[in-house]
Every structure is written in C-alpha cells, then in structure tokens.
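Visitor: need the 3D shape of this:
(chains A and B)
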Amino acid sequence: MQSITRELEQRLTVALRACFGDAAEGVDPMLRPTQDPSFGDYQANFAMALARTLKQKPRDVAEAVVERLDVADLCGPPQVAGPGFINLTLLPAAAGRRLQAIPPAARDGLDRVGIDPTPAPAVVAIDMSSPNLAKEMHVGHLRSTIIGDCIARMLEFEGHHVHRINHVGDWGTQFGMLIEHLRRTHPDVLNDPEHLRLGDLESFYVQAKQRFDADEEFATAARRAVVDLQSGDPATLAVWRAFCEESLRHCHEIYERLDIRVEDRGESFYNDLLPRIVDDLARVGLAVESDGAMCVFLDGFRNREGEPLPMIIRKSDGGYNYDTTDLAALRHRIEALGATRLLYVVGLPQKQHFDMLFAAARKAGWAGDKVELTHIGFGSMLAASGKMFKTREGGTVKLKHLLDEAVERARNVLEANEQDPEKKRGLAPEQMQVIAETVGVGAVKYFDLSHALGSDYKFEWDTMLSMDGNTAPYMLYAYARIRSIGREAGVDYAALPPDTPIVLEHESEIRLGKMLLRLPDVIEQAGREYRPNVITEYLFELSKAYNGFYDRKRGVRVKDATPESVRLSRLRLCDLTARTLKLGLHLLGIGTLEQM
RNA sequence: GCGCCGGUAGCUCAGCCGGAUAGAGCACCGGAUUUCUAAUCCGGCGGUCGCUGGUUCGAGUCCAGCCCGGCGCGCCA
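Guide: Numbers count the residues shown, from 1 in each chain, chains lettered A, B, ... in the order given. I've put the predicted structure just below:
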C-alpha cells in the first residue's frame, strides 16, 4: 500500500513546477492531514510562504496551482480556503480501490498489510536495556527495554538489519566482592557452573556488600579478586563467568516474558580494545594527559567552573571507564558489525555523555558522515505520586514484581467480568491466564509507548488497565471483537476473495476506510522520528473509527448486511482493521488475542 | 553558575520541519441498550497553552528575558 500523501505530494510538486518553474524548485507542498473534517482530508499549506517569495497574493498562488493540479482520480475538486490553504478530499471510490488493492496476508510470517520494505536496507545497532549484572533488573530498565524493542521492530519492519545490543554491565570493582562472596557461599561453583542458581540477586548483592563493609579480611580478598579478574586469572574468571551467566538467566526470564530478544554483549567484551582506543586518540593528539588521566577535550563542553570538561578515557590509576568502553563499542559496531546507524536508547540524564561520545567519535574519524549517531533519550517513569519510583522501604522495584503485579491486576479484571453475567465469557482458567499475561504485560508496554519519549510520566495502574481510552486493553478488545465478529458471521477473513470490492458509502465506512489508508504514513513517521506514540495515537484513532462503523446507532450492519456484496465489503473492512491493529500492536511489541 | 528536559482542561497526557475555532481519555452531568462482544457509542461541562516581550500574513510550536519543577556538570556507569 503506497502512501497517499506521497502520491498527492508528487502531484502538487508537478503542479507547482508547471506554474512557477524554477521558482518552485525544492518547495515543500506542506501537505498535512486536516484537523477539521470540514476542510477535507488533507491540506497543502505552501501557498502563504511561497506567495512571499513570489510577491503575489497567497490565494492567487493557491488558485494557480489548483488550476494545474491533476488529482481527479483521487480527490474531489480541490478547494482554496482561508488565507490560501488548498483542501483535498479523498473520493470514497478511490479510497475503496486502494484498500481493495491491499494484498492478502502472507500465509506464514508477518502480515505487512501491503507495505513494502525499503529498497535501501541498513545495518542498525540499537543499544538498549543494558542492565548491570551485579543486580536484578528493576523498573529503571523498563523504558530502555520496551522502547528499544519497539524501535527495533519498526526498523526491522522497514527492512533494516537490526542488532538489539544488550550492553550489560559485567565489569568493574563491584564484581570483586560478588566473586568472593560467591566462592564462599557456593564453594562448588567451579565444579558445576552451569547449575549455579541464585534465587535473588538483589539480596545476594546486599549480603556481599554488607560483608565487604564489615569484614576486613573479606574486603581484602574481594579487592584481590578484582586484581585477579583484571589480570585474567582463569579460576577467578570462571567464577565471574558463572555469576554473569546466572545473572543473565534472570534477565532473560524477563525478556521472554516481554517477548523481547536481545544480543548480550557485556562491557567486558571490549576490554582488549581499550588500550588501542587511548593510543589511537593520543597519537592524533585528541587525547592528552591532565591531572594524571588521559582526557579528550571537546569544544563546547565546560564544567561548573567554566573550564573545559574532559572526557576521561583512562583514569589516573590506569583504569578505564565507560567513556572508553562506549568508544570501543561504538567503533566495534561500525567496524565489525558494519552498522551505519547507531542508536542509543538511554535515559535523558545521559544526554551530555552521548553528545561527547558522538563528538569524539566524529572528531576521531571513527564515525564518518554516512554514519548516523543518535541518542534516543527518554524521561523518567515516576510513581503516581510524581516522585521517583521506589518501594515503601525506599528500595528499587524489581521489574519482575512490576510485571507480576500487572498480570495479577489484569487477571482480577477478567475474573470480575466472569462474575458479571452480562460480561461472562466462560473462559477456562488456563485461557484466562494467557489473556491476563497479554493484557497485563501489554498494558505496561502500551502505557509507556503511548507517551512522548522525552517527557516523564506517572505510572498509574488504573489508567493503563482501563478498558476506556488509549490503552492496551481497549485496543486488544477492539481486535478480539473484530475477530469474534468474523467467527459469528461464519467467515474466515483470510479466505475472503482478494478481489472482493470494497465500497465506502456510509459516513462511518468512509471514515474508517480513510483511517486505514493512513497506515503507511504513520509507520513511516514513527520510524523516521523514533516516536512510538505516533503509532499508539493512530491505533486509538483507528479503533474509534471502527467502533463508530460498528456502532448500532451511527454505524452500519455487518454480519447480516444486504446485499451480499455490501456484507462482503464490510467484512473486508473488518479484516483490514484487524490486520492493521495487529500490525500496529506487533510493532509495539504487543501480541493479540482472538478472544477476551 | 553553566547546560539539558519539562510547565497545555480538576487529573493523566497528545499536539507531526509555525497553519484555519488548541485535542483525547479519566472525572462530573445528560442521552442511547429487543447486544453483530455495550469491556461500546453520542452529547454537555471544562483552557490567560507558566509570565513578559519579540519575529510574521499567522505562534502552544521559533527567538530573548524571567518564574517554577526535575536532572546533569573531572577520574561510578
């Protein structure tokens, strides 16, 4: 399904040229969806700006373009309105033809709803999730994980080759005490590292820390473990590896539950590359010594005293820090993975770090002009109180517990409905559990992704689990209902003949049909701007359009519509709506349900 | 002190390189139900878009200053 706006933009560009020749070169037609249906479906806003450079009246410019504009096959007669807007209204027949041309879903694999992949695929590396293996994943990792996966899905859908890189923290001094603690609590760890199981990493960390602070002998041993680890002592490495693998198992329980796949690549992977990073930067004079540390000074970065702010790539004690590791990782992604688009889905507080990282990589020549470096920053998830998300005791909230609660709350809603004779579905307990998982986890994801990335948001259970409004339950219900309608109508949507004409006559049909046609633009925009909430907004609009179409007062009959051609046309609209919802939810990382 | 992000309806949030009368959900009030899954739909109420000035045909959106909140700013990541 090709974008209608792109088509109309091309026609406008042709008309602009015909009217003004070279003066119209490079002029953006500024085609936008209208906000008010009384202005049609799309409006072109170029005339006011162009009139200025042409020294003509805006309305005259608009009239002239309309005169030469050839859109009769798609739109009704273009209208010039207000100061010089050109309003375009899609013809229902043209909309119907376009919908009809959408090919059926592939038998296997993802249903692309007729949208072609890009002819120019790129290799993309997305830095996402990236918890510290020393501790359990907590709510602070949620946004990066969910948003990163969503962006990965959008780019994969476009046809790019995407690496979801889980840049886990598996190195650093804290691992000394963990190794030492592990040795003492699990003396057999080296005999059978595969079967190491630590029930709760959080309390394991706390125990190790307490012992480190209280027991001098232990602390000494822990420090020695750090040295051994860094010098590559095999026995120490083996314990460290066993710990990291166990910690990763904990992470992957969460990822599985979230239906997210990542490529684990710990910071330690880059250890061998770090000396060369410093050497290479020193050789070209980018890294210089300052207070005993090797630093890169970049234009425009100042500390609180107003002096140049360094990026420290080797500490005065000879150790490296995350600036060095991130530089090495960046280089690796470009040189070894062949990535030309490097995305970092990391919280906004780290913006300055990435500004410096990117500046350094550009200056060093490691990232050329063709390489995109983007920090996709996001705001904080706050408790409903508006404060930082904490347990009652002030600790961090484990991600596992958050998801458990989401599913439990979803299940409570389902069970309450089963008590209500009006809403009872007669679901078996196992079915209910599956539905609760999808609804609960989906609600958390959807709620997160439905907010603008940059702003903080308040985590509110009642809002995200509500059946009303822009939520996962509403969207999942809309999908399940459409599927149910197909079953009730005795129709296998997938078996509807692809050449069944789609005829848009009733106002609610026209509205729904036009909404369906916006899909390519929505996906394109969401992917280009890295904005998941463009998709959620659209899905909500689409659901509302569908509910209007299906509404018993304002909508049309579907299942028992006559004649048969109308019934089939409407069933195809149902199918296309379901397929669009499914694709949209898929891009958000949310599965659908046939029944709920 | 410098920098970044935010301030939009009672609450939670949208608002697409500046576009027509600033939107949605919740809450509140009212209406629709012989159910195609009403877990829905329709209507009403509700705003000095933090403040002031500027740019221009046009500013929630861009610029400057100020107020409020959050975060960052040399060897943690």
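
Visitor: write out the residues of the stretch 201-350 of chain A neighbouring RNA strand B.
Guide: Counting by CB under 7 Å from any atom of the strand, the stretch 201-350 of chain A comes close to RNA strand B at A:267, A:290-293, A:295, A:302-304, A:306-310, A:312, A:315-317, A:319-322, A:325, A:348-350. For the C-beta atoms, the positions are set from N, CA and C on the backbone; glycine is no exception.

Visitor: tell me which of those residues fall in strands.
Guide: The strands, defined by DSSP state E, take in A:290, A:293, A:295, A:302, A:308-310, A:312 from these.

Visitor: pLDDT wise, what is residue A:468 at?
Guide: Residue A:468 is assigned 89 on the pLDDT scale.

Visitor: again, but for the one 4 residues further on
Guide: pLDDT recorded at residue A:472 is 95.

Visitor: that one and RNA strand B, how far apart?
Guide: 11 Å (CB to the nearest atom of the strand, to the nearest Å).

Visitor: for the residue nearest to the spatial centre of chain A, give me phi and psi.
Guide: Centre of chain A computed as the mean C-alpha position; nearest residue by CA atoms, centre = their mean is residue A:150, 2.6 Å away. Main-chain dihedrals, residue A:150, degrees, to the nearest 10: phi -60, psi -50.

Visitor: which non-adjacent residue is nearest it?
Guide: Excluding its sequence neighbours, the residue lying closest to residue A:150 (CB to CB, 6 or more residues apart in numbering) is residue A:532, at 4.7 Å.

Visitor: same question, residue A:163
Guide: Nearest to residue A:163 is residue A:125, by CB to CB, 6+ apart, at 4.7 Å.

Visitor: what's next to the helix or strand that contains residue A:299, contact-wise?
Guide: Residue A:299 belongs to strand A:293-302 when assigned by DSSP states H and E. Strand A:293-302 is contacted by residues A:278, A:281-282, A:286-289, A:308-316, A:323, A:352, A:355-356, A:359-360, A:363 when judged by CB atoms under 8 Å, 6 or more residues apart in numbering.

Visitor: quick revisit: you'd agree the residue nearest to the centre of chain A is up against residue A:590?
Guide: No. With contact defined as CB atoms under 8 Å, residue A:150 does not reach residue A:590; the gap is 9.4 Å.

Visitor: spell out which residues are contacts of both of the two.
Guide: residue A:445.

Visitor: give the contact list for residue A:561.
Guide: Taking CB under 8 Å, 6+ apart as the test, what residue A:561 contacts is A:567, A:570.

Visitor: where do the helices sit along the stretch 451-596 of chain A?
Guide: Applying DSSP state H, counting those that start in this stretch to the stretch 451-596 of chain A gives helices spanning A:461-464, A:472-488, A:507-516, A:519-529, A:532-550, A:564-588.

Visitor: would you turn the ones you listed into TSV with mean neighbour count?
Guide: Converted to TSV, the helices of the stretch 451-596 of chain A look like this (neighbours: other CB atoms under 10 Å):
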stretch	mean neighbour count
helix A:461-464	16
helix A:472-488	20
helix A:507-516	22
helix A:519-529	18
helix A:532-550	21
helix A:564-588	21
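
Visitor: reformat those as a markdown table; add distance to residue A:192.
Guide: Shown next, in a markdown table, are those (distance: least, CB to CB, whole Å):
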| stretch | distance to residue A:192 |
| --- | --- |
| helix A:461-464 | 42 |
| helix A:472-488 | 42 |
| helix A:507-516 | 57 |
| helix A:519-529 | 46 |
| helix A:532-550 | 43 |
| helix A:564-588 | 40 |
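
Visitor: ok so, going back, filter the contacts of strand A:293-302 to the buried ones?
Guide: Buried by 16 or more other CB atoms under 10 Å: A:278, A:281-282, A:286-287, A:309-314, A:323, A:356, A:359-360, out of the contacts of strand A:293-302.

Visitor: quick one: mean pLDDT over the host helix or strand of the residue nearest to residue A:163.
Guide: Assigned by DSSP H and E, residue A:125 belongs to strand A:123-127. Averaged over strand A:123-127, pLDDT sits at 98.

Visitor: ok, and what's touching that strand?
Guide: Contact partners of strand A:123-127, identified using CB under 8 Å, 6+ apart, comprise A:148, A:151-152, A:155, A:160-165, A:167, A:329, A:333, A:337-346.

Visitor: let's go with 7 Å and repeat that
Guide: Residues from elsewhere that reach strand A:123-127 (CB atoms under 7 Å, 6 or more residues apart in numbering): A:148, A:151-152, A:155, A:160-165, A:167, A:333, A:337-346.

Visitor: would it count as contacting RNA strand B?
Guide: No. On the criterion CB under 7 Å from any atom of the strand, strand A:123-127 is out of touch with RNA strand B, staying 11.6 Å away.

Visitor: now find how far off-centre that strand is within its chain.
Guide: A distance of 13 Å separates the centroid of the chain from that of strand A:123-127, by CA atoms, centre = their mean, to the nearest Å.

Visitor: in its sheet, what does it sit against?
Guide: Here strand A:123-127 has these sheet partners by DSSP bridges: strand A:161-166 (parallel), strand A:341-345 (parallel).

Visitor: of those strands, which stretch is the most buried?
Guide: Ranked by mean neighbour count under mean count of other CB atoms under 10 Å, the strands paired with strand A:123-127 are led by strand A:341-345, which reaches a mean of 24.

Visitor: now a PyMOL select for only the buried ones of the residues of the stretch 201-350 of chain A next to RNA strand B.
Guide: Buried members of these, defined by 16+ other CB under 10 Å, are picked up in PyMOL with:
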select buried, chain A and resi 267+293+295+309+310+312+320+322+325+348
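
Visitor: please report how far the closest residue to residue A:396 other than its chain neighbours lies from residue A:585.
Guide: Nearest residue to residue A:396 in three dimensions, chain neighbours excluded: residue A:138, at 4.1 Å (CB to CB, 6+ apart). Distance, residue A:138 to residue A:585, using CB to CB, to the nearest Å: 26 Å.

Visitor: residue A:476 too?
Guide: Relative to residue A:585, and taking CB to CB, residue A:476 is found at 8 Å.

Visitor: any idea how many residues pack against residue A:93?
Guide: 14 (other CB atoms under 10 Å).

Visitor: please apply the same query to residue A:199.
Guide: Neighbour count for residue A:199, taken as other CB under 10 Å: 8.

Visitor: what secondary structure does it sit in?
Guide: coil (DSSP: H, G, I helix; E, B strand; the rest coil).

Visitor: gap between it and residue A:176?
Guide: Separation of residue A:199 from residue A:176 (CB to CB): 22 Å.

Visitor: ditto for residue A:426
Guide: Separation of residue A:426 from residue A:176 (CB to CB): 57 Å.

Visitor: and if you look at residue A:29?
Guide: 62 Å.

Visitor: picking that back up, so what's the residue nearest to residue A:150 up against?
Guide: By CB under 7 Å, 6+ apart, the neighbours of residue A:532 are A:147, A:150, A:449, A:526, A:588.

Visitor: rerun that using 8 Å as the cut-off
Guide: So residue A:532 contacts A:147, A:150-151, A:154, A:449-450, A:453, A:526, A:588 (CB under 8 Å, 6+ apart).

Visitor: and which of these is nearest RNA strand B?
Guide: residue A:450 (6.7 Å; CB to the nearest atom of the strand).

Visitor: what is the neighbour count of the closest one?
Guide: Neighbour count for residue A:450, taken as other CB under 10 Å: 22.

Visitor: wait, what's in contact with the closest residue in space to it that isn't next to it in sequence?
Guide: Using CB to CB, 6+ apart and skipping the chain neighbours, the partner closest in space to residue A:450 is residue A:536 (4.0 Å). By CB under 8 Å, 6+ apart, residue A:536 lies in contact with A:446, A:449-450, A:470, A:588.

Visitor: contacts with RNA strand B among those, please.
Guide: Near RNA strand B, by the rule CB under 7 Å from any atom of the strand, you find A:450, A:470 out of those.
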